[in-house]
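Trainee: Need coordinates for the below:
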Amino acid sequence: MIPSILNTMGIASISTALTSNEKAALFAIDSAFSFSWGFVNATVYLLTGRFCTMMSGNTLILAIETSDWKSEEMMVTATLIILYVCGGAVYDALWISFKDKGRVVKLFVIPTIVIMGILADVLQYMMGGCSAGVHDGAKCSGKYLYFLSPVAFLSGVATSYSSTHGDGIATNMVTGHMKVMPTAILKRILQGESTTLEKGRSSAAITTFFFLGCLSGALAYDPILMSFSPRKGYYTPIFTVFSCVIAMLCFLHYSLCEQLFLSRELEQELVERMRTSLMQVNKSACSTDIEEGLRMMVATTEEEKVHPVSSRIPGRSNSMQ
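Mentor: Coordinates of the predicted model:
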């Protein structure tokens, strides 16, 4: 009864499958994310020996520094890890607390990423960290590396953001992606299952673009190093540009995910509510019919007590006499 009504209304179900164009758009944005993270991680690592988004690598570096007891280096690395975690935690708290997810992205994520990028460049300029002409290690280690703190915070915000949407693809590291494609191929060969091949291709593409980003960052290392000039009044907006790119990608990603996933979720919720309402109406109608039937049975029983059936059969009483 209920499915036939919903089918008649044309809302029996909402398809959650993405079209090829929608998949291509998501793929392009995820690839751009992956390339950007690869670029900045390679550049920052060559400059400072630290990572922006790969906290596994920073944890390894922290362990090595701890074994050698380089207290100043330990403090810098630990600060980057803590700020990365804090950035993600602040975003998660806002995402969970506020129902309007668009406001969280537009009023917190995007402004925070841009501000943190600008702050990183300002700190680098004021501290002269890793500046050309003095790049002998003295100003590219220890306290001179705290200009990376805003970059770590914005990375935590951006990477936590990207994991809360419908596509759910991590683009800031590739360790988890390494086994997806081989597993998909094995399932196709041994079990004849092809449903995971698309996810495998996506993971392989994310890994490839991350590698290309790292390669580009390594090739751009010398020009970037020379741009960190110690000359007074010379400001290099490297992290500002990077943060603007990440903020733009976050905006495009959210807009697309809102269109592809959030709208579908709302439509599906509407269908479920209508299905529940129709079922309640149906149950109410059934209850009414049952109650009416019971009333009729009670009325018939009472009438039987007053006028037995034999008295209401024509000729029955006379023949008995």
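
Trainee: Could you use CA atoms for every contact and neighbour count after this?
Mentor: Will do.

Trainee: List the buried residues of the host helix or strand of I64.
Mentor: Using DSSP states H and E, I64 falls within helix 55-68. Residues M55, N58, T59, I61, L62, E65 are the ones in helix 55-68 that count as buried (16 or more other Cα atoms under 10 Å).

Trainee: what sits up against stretch 208-218?
Mentor: 31-32, 34-43, 46, 171, 173-174 (Cα atoms under 8 Å, 6 or more residues apart in numbering).

Trainee: what stretches of the protein score poorly on pLDDT?
Mentor: Low-confidence segments of the chain, defined by pLDDT under 70, span residues 1-18, 131-139, 164-168, 228-235, 260-321.

Trainee: need the helices for it, in chain order.
Mentor: All helices of the chain, identified by DSSP state H, fall at 2-9, 20-48, 55-68, 71-97, 101-104, 110-127, 149-162, 180-190, 197-219, 221-227, 238-257, 263-306, 316-320.

Trainee: can I get the CA coordinates of the fifth one in CSV?
Mentor: Extracted in CSV, the C-alpha atoms of helix 101-104 (Å, rounded to 0.1, in the frame of the first residue of the first chain):
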residue,chain,number,x,y,z
LYS,A,101,27.4,23.5,8.4
GLY,A,102,27.7,26.2,5.8
ARG,A,103,28.4,28.8,8.4
VAL,A,104,31.2,26.7,9.9
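
Trainee: Show me what that helix is packed against.
Mentor: If contacts are counted by 3 or more Cα pairs under 8 Å, 6 or more residues apart in numbering; DSSP states H and E, helix 101-104 sits against helix 71-97.

Trainee: now the helix it packs on and helix 149-162, what's the angle there?
Mentor: 30 degrees (axes from the mean of the first three to the mean of the last three Cα atoms, to 10 degrees).

Trainee: If you count contacts, what does helix 71-97 end up packed against?
Mentor: helix 55-68, helix 101-104, helix 149-162.

Trainee: Quick check: which of the ones you listed is nearest to V122?
Mentor: Nearest to V122 among the helices and strands packed on helix 71-97 is helix 149-162 (10.4 Å), distances taken as Cα to Cα.

Trainee: Alpha carbons of that closest one, as PDB, please.
Mentor: The C-alpha atoms that make up helix 149-162 are tabulated as PDB, following Å, rounded to 0.1, in the frame of the first residue of the first chain:
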ATOM      1  CA  SER A 149      53.000  27.000  13.800                       C
ATOM      2  CA  PRO A 150      50.100  28.700  11.900                       C
ATOM      3  CA  VAL A 151      50.700  26.400   8.900                       C
ATOM      4  CA  ALA A 152      50.300  23.300  11.200                       C
ATOM      5  CA  PHE A 153      47.100  24.700  12.700                       C
ATOM      6  CA  LEU A 154      45.600  25.500   9.200                       C
ATOM      7  CA  SER A 155      46.600  22.000   8.100                       C
ATOM      8  CA  GLY A 156      44.700  20.500  11.000                       C
ATOM      9  CA  VAL A 157      41.600  22.500  10.200                       C
ATOM     10  CA  ALA A 158      41.700  21.700   6.500                       C
ATOM     11  CA  THR A 159      42.400  18.000   6.800                       C
ATOM     12  CA  SER A 160      39.700  17.600   9.400                       C
ATOM     13  CA  TYR A 161      37.300  19.400   7.200                       C
ATOM     14  CA  SER A 162      37.900  17.200   4.200                       C
END
